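**Q** quick one: sequence and predicted model below, then my questions.
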Amino acid sequence: MGTDYIRSLRKSVGHQPIILAFSGGILENDKHEILLQRRTDFDAWGLPGGGGAIEFGETAPEACKREYLEETGLSVEVNSLLGVTTNHIQEYPNGDVAQAVVIEFVVRLIGGHENVTSPETSKLQYFAQGDLPEIFNKQHYRSIQRYFDKKFPYYD
């Protein structure tokens, strides 16, 4: 089927509510801060890759690694499952509506350089637990809290 599964699907269904699967991860630096992405669609902070849809035929870990590279310029490897959330309906600025199934991983940096060349990313920054900005949706926020509280793997 190739890439851009959502765009192909949306051509058929328009803005109708659908269920979509996304994959992303949490990357921590040596100061115990996590990397966040300022998203261009919501102009708000979230986890890199956490809005990254799994393409047809791709696994969740593959999607996480691909999305990280596309959105941050960083190569990561998946270390463990952080959690799975299925209880969030997301409304997008363009009118699309989806129930988001999000699979989050704990990832480790293996290469690359932070690079904001993605049309989905306006800024990348590391944040400590006590200095988090407003997060664009509840799924990402809960994943971050569970990570810092060491309450994972989890599922909703």
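**A** Here it is on my side, so go on. Numbers count the residues shown, from 1 in each chain.

**Q** in stretch 11-25, which residues are buried?
**A** Neighbour counts over stretch 11-25 (16 or more other Cβ atoms under 10 Å) mark 20-25 as buried. (C-beta placed from N, C-alpha, C; glycine too.)

**Q** dump the residues you listed into TSV; add secondary structure, pLDDT and distance to Gly111 as well.
**A** TSV is the format used below for the buried residues of stretch 11-25 (DSSP: H, G, I helix; E, B strand; the rest coil; pLDDT from 0 to 100; distance: Cβ to Cβ, whole Å):
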residue	secondary structure	pLDDT	distance to Gly111
Leu20	strand	89	29
Ala21	strand	92	26
Phe22	strand	91	23
Ser23	strand	94	19
Gly24	strand	94	18
Gly25	strand	95	15
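
**Q** could those residues go into CSV alongside distance to Lys31?
**A** Formatted as CSV, the buried residues of stretch 11-25 follow (distance: Cβ to Cβ, whole Å):
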residue, distance to Lys31
Leu20, 34
Ala21, 32
Phe22, 27
Ser23, 26
Gly24, 21
Gly25, 18
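
**Q** so what's Leu35 closest to, chain neighbours aside?
**A** Spatially, and ignoring its direct neighbours in sequence, Leu35 is nearest to Leu27 (4.6 Å; Cβ to Cβ, 6 or more residues apart in numbering).

**Q** mind listing the helices for the protein?
**A** In the chain, the helices defined using DSSP state H lie at 5-13, 60-72, 138-148.

**Q** which of the ones you listed comes out lowest on mean pLDDT?
**A** Looking at those, the lowest mean pLDDT belongs to helix 5-13 (a mean of 82).
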